[in-house]
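Next comes the sequence, and after it the predicted model I'd like to discuss.
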Amino acid sequence: MRGLALLLPFALSACVAGEAVMQETTRSLARSAVNAAAARYVPGVDVSPYSDCVINNASTAELLQLAQAAGAGAAQDVAAKAWPVVRTVARRPEATQCLVQALSGSQLLAAQGLDL
């Protein structure tokens with residue numbers, strides 16, 4: 001029993017490390033889907049800060065949806081599947097504020113299709 005108690009901290013740390021890897025993988029896949037959607041539906045906008053604002057304001061469920069969209073195949077299919085989620089997140093007040101701070105004036109004009 002004592003040996004089990006000694007192994008428990010190692011087992012827990014392995015679970016935490018596994019969780020961190022899974023979260024980072026999900027965020028990375030979600031980011032690729034947001035990048036594809038931004039490139040297709042918001043041309044003229046620098047996708048990096050745009051994607052940061054969307055990813056940082058998405059819920060866990062939305063990140064999972066975006067990560068799943070990343071596996072849709074061709075970039076146009078990824079963009080089409082990701083766009084409804086991207087648009088929902090981008091319309092949130094926190095995401096809108098992030099976009100206003102991150103994008104230049106001309107990029108904000110290009111993003112007006114988001115109904116910000």
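Structure received.

How about the secondary structure of Gly44?
coil (DSSP: H, G, I helix; E, B strand; the rest coil).

And it, how far from Gln65?
Distance of Gly44 to Gln65, computed by Cβ to Cβ, to the nearest Å: 25 Å. Any C-beta I mention is one placed from the backbone N, CA and C, and that applies to glycine too.

the more surrounded of these two?
Gln65 (19 against 9; other Cβ atoms under 10 Å).

show me what contacts the more buried one?
82, 85 (Cβ atoms under 8 Å, 6 or more residues apart in numbering).

Any buried residues in whichever strand or helix holds it, and which?
Taking DSSP states H and E as the criterion, Gln65 maps to helix 60-69. Buried residues in helix 60-69, defined by neighbour count with 16 or more other Cβ atoms under 10 Å: 62-63, 65-69.

and if you look at stretch 76-87?
Across stretch 76-87, burial judged by 16+ other Cβ under 10 Å covers 78-83, 85-87.

Just the ones in helices from those, please.
Judged by DSSP state H, the subset of these located in helices is 78-83, 85-87.

one step back: can you redo the buried residues of helix 60-69 as CSV with pLDDT and distance to Val34?
Putting the buried residues of helix 60-69 into CSV (pLDDT from 0 to 100; distance: Cβ to Cβ, whole Å) gives the following:
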residue, pLDDT, distance to Val34
Glu62, 96, 10
Leu63, 95, 10
Gln65, 96, 11
Leu66, 96, 6
Ala67, 94, 10
Gln68, 94, 13
Ala69, 95, 9
